[in-house]
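Peer 1: fold the following, please.
(one chain, ligands or ions: 1)
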Amino acid sequence: MTVTSDEDKIKWWKDAKFGMFIHWGLYAALGRGEWVMYELNIPVRDYERLAETFNPVRFNAKTWVGLAKAAGMKYIVITAKHHDGFAMFRSQAEPFNITDATPFRRDPMRELTEECREQGIVLCFYYSHVIDWHHPHAVHNKYNNVWDYDTDSKHFPTYWNGLAKPQIRELLTQYGPVGLLWFDTAGGLSKEDSEELVELVRSLQPDCLINSRVSHYPGMGDYQSKGDNEIPMYGEDSRAWETPMTLNQSWGFSTKDQIWKQPEAIIRKLVHIVSKGGNLLLNVGPDAGGLIPQLSAERLREVGAWLSVYGEAVYGAAASPFPYEMEWGSVTVKPSRVYLHLTSDDWQRELRLYGLKNKVKQAYVLSDPSRTPLETAQSYDAGLDHHTLAIRLPDKPANDCMTVIAVDIEGEL
Ligand code: H79
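Peer 2: Coordinates of the predicted model:
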C-alpha cells in the first residue's frame, strides 16, 4: 500500500474550494428541517412509519451530480445517516435503512457513487456518529433521544459496536474510494472512542479525509470544520478549514423557510472564504420526492455561470497575503499572480494595492479574452521595502456581480 503524505492527501480538497452539502432523509417528508423528530419529540415507532411511504421516485443521480457540476462544485457530501438514525444506504447493520424499510428499495448512495465517478465529482459521506434518535443506546449527548429512552439504561458499546462502526465500515467498503467522512456533533464521545473511529477509517481507506467534528476535542481529523455558517477571522486557523453553509436557513427540506441567499451573496461569501484560505460547503435539501428545490437549483446555476468565467481565481487559489479586509472586495493568489475580486456596488475609478514585494508586470480584467493591459502606476517605498500599485479601472462591467482583475507580479508576492 502506498502511503500518501498528509499534505498530498488533502491537496485535491484544498484546491476544490467549493462543495455541495446534501441533507436528505425521511425528515424531508415532513418539510420542516432535519431536527423535526427532536423538536416534536416524535416517538421512534411513529417516525419509523415515515419509511413505509418514503418513495422518492423522482430522485435522479445524474440530475443531482449534474447540478453540482453546473454550480462549479467539486465534491458532494451527502447525509448517509443524520441524527434521526435512518440510513440512506444499503446496510446490514440494522433494518432501519432505505433499501429494507421503504418501498423505494434503491440505494441512492450507490447511484450517486456511479454518477460522481462518471462526471468527475468526489463523493463524500456525512455520518451522524453520536446523535442517533432511533437507537436506544446512542451515547448520551444533550441532544439525544430522551423522550423514548432512559439515559440511565443506555449501554453505549451496544450502539458503538453494533451500529456506528459497522455502518462506517459499510460506507468505506461498499462504494469504492470515499473522498471524506463528515462527522457532526460529537459531544459526549470520549477521546479514545473518537480516536478509535479515526483508526478504523485509516485502516479501511487511508486517503479518506476526516473533518474535525469527529471529536469535540480540538485538533482532531484532517481539517477544521467551522461552526455552521461561520466565516472565521483572517489567520484564525492554522490548518485547512471549511464553512458549512445553508442556502436558505435550513439544512433539511423545509416548506416554511423561503429566505434564500441571492447568487451575488453566495459568490461573495465563496470568494471571501477562499481569500481566507477556506472551502465552502453549500447545502441543498432535496424533497421527499427526490427533487432539489428549484429555488436552490437556479441560484447554484448562477454561481456556476460566474465560476465558469472567473474560476481560475478560485480553484487552487490560496489565501490573501494581506491580513485585512479590502473595502472593495477580496484577494486570492496563485504563484506570481494576485486576483482582485471587486464588488460592483461602489465601483471606483482607481484602485490601490500596498505592500507588494515585487514590481507588477501587468494587470487585466480576467474575463477579457484579449487581456488588454489596464493602465497602472507603480511606486517603490525604500523605507518599507515595498511596492504600491495603482490601477485605473475600466467602466463597471454590466451583469457582473463580481469582477476579477488579475495582476501578474515579477517574482513572488
Ligand atoms: O446537519 C446540520 C445540523 O442538523 C447539524 N449540523 C449541521 C451541519 C447540527 N447539529 N447540531 N446542531 C446543528 C446544533 C444544534 C442546535 C439546536 Fe436546535 C438548537 C438544537 C436544539 C436547539 C435547531 C434549533 C435545531 C433545533 C432547534
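Peer 1: end to end, how far does stretch 177-197 reach?
Peer 2: Criterion CA to CA, to the nearest Å; first-to-last residue distance in stretch 177-197 is 17 Å.
Peer 1: buried residues in that stretch, which are they?
Peer 2: Within stretch 177-197, the residues scored as buried using 16 or more other CB atoms under 10 Å are 178-186, 188-189, 193-194, 197. Placement of C-beta: from N, CA and C, glycine included.
Peer 1: show me the two of those residues that sit farthest apart.
Peer 2: G179 and G188 (27.1 Å; CB to CB).
Peer 1: dump the buried residues of stretch 177-197 to a markdown table, plus pLDDT.
Peer 2: Converted to a markdown table, the buried residues of stretch 177-197 look like this (pLDDT from 0 to 100):
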| residue | pLDDT |
| --- | --- |
| V178 | 98 |
| G179 | 98 |
| L180 | 98 |
| L181 | 99 |
| W182 | 99 |
| F183 | 98 |
| D184 | 98 |
| T185 | 95 |
| A186 | 96 |
| G188 | 93 |
| L189 | 96 |
| D193 | 97 |
| S194 | 98 |
| L197 | 98 |
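Peer 1: restrict those residues to those near the ligand?
Peer 2: Intersecting the buried residues of stretch 177-197 with the contacts of the ligand gives D184, T185 (criterion: CB under 6 Å from any ligand atom).
Peer 1: now intersect the buried residues of stretch 177-197 with the helices, please.
Peer 2: Within the buried residues of stretch 177-197, residues falling in helices by DSSP state H are D193, S194, L197.
Peer 1: neighbours around the closest residue to the ligand within the stretch 251-400 of the chain, how many?
Peer 2: Per CB to the nearest ligand atom, W251 is where the stretch 251-400 of the chain lies closest to the ligand, at 4.3 Å. W251 has 25 neighbours, counted by other CB atoms under 10 Å.
Peer 1: right, and out of the ones in helices among the buried residues of stretch 177-197, which lies closest to the ligand?
Peer 2: For those, the minimum distance to the ligand (CB to the nearest ligand atom) is 16.5 Å, reached by S194.
Peer 1: what sits closest to the residue of the chain found nearest the ligand if chain neighbours are left out?
Peer 2: Closest residue of the chain to the ligand, CB to the nearest ligand atom: W35 (3.8 Å). If the residues on either side of it in the chain are set aside, W35 comes closest to H83, at 7.3 Å by CB to CB, 6 or more residues apart in numbering.
Peer 1: who's in contact with the one you found?
Peer 2: E34, W35, M37, Y38, S128, I131, D132, W133, Y143, T185 (CB atoms under 8 Å, 6 or more residues apart in numbering).
Peer 1: just how off-centre is the helix or strand harbouring the fourth one within its chain?
Peer 2: The one in question is Y38. Taking DSSP states H and E as the definition, one finds Y38 inside helix 36-39. Distance, stretch centre to chain centre, for helix 36-39: 24 Å (CA atoms, centre = their mean, to the nearest Å).
Peer 1: how about stretch 28-43?
Peer 2: 23 Å.
Peer 1: now that stretch: mean pLDDT?
Peer 2: What stretch 28-43 shows for mean pLDDT is 98.
Peer 1: can you check stretch 212-231 too?
Peer 2: Mean per-residue pLDDT for stretch 212-231: 97.
Peer 1: next one: stretch 56-73
Peer 2: What stretch 56-73 shows for mean pLDDT is 98.
Peer 1: what does the protein put close to the ligand?
Peer 2: Along the chain, the residues adjacent to the ligand under the rule CB under 6 Å from any ligand atom are E34, W35, E39, Y143, D184, T185, D228, P244, W251.
Peer 1: what about 5 Å?
Peer 2: Residues of the chain lying near the ligand by CB under 5 Å from any ligand atom: E34, W35, T185, D228, P244, W251.
Peer 1: what comes into contact with the helix holding Y38?
Peer 2: So helix 36-39 is in contact with Y27, L30, R32, G33, I42, Y47, H83, D84, W133, Y143, N145, G252, going by CB under 8 Å, 6+ apart.
Peer 1: mind giving me the domain ranges of the protein?
Peer 2: 6-313, 329-409 (automatic domain parsing).
Peer 1: where among those domains is average confidence lowest?
Peer 2: Lowest mean pLDDT of the domains of the chain: domain 329-409, a mean of 93.
Peer 1: do me a favour and get the end-to-end distance for that one?
Peer 2: End-to-end distance of domain 329-409 (CA to CA): 20 Å.
Peer 1: quick one: that domain to chain centroid distance?
Peer 2: Distance of domain 329-409 from the chain centroid (CA atoms, centre = their mean) equals 29 Å.
Peer 1: which strand or helix spans P394?
Peer 2: Assigned by DSSP H and E, P394 falls within no helix or strand.
Peer 1: thought it was touching V365?
Peer 2: Yes. The pair P394 / V365 is scored as a contact, 6.5 Å apart, by CB atoms under 8 Å.
Peer 1: which residues are common contacts for the two?
Peer 2: Common contact partners of P394 and V365 (CB under 8 Å, 6+ apart): L374.
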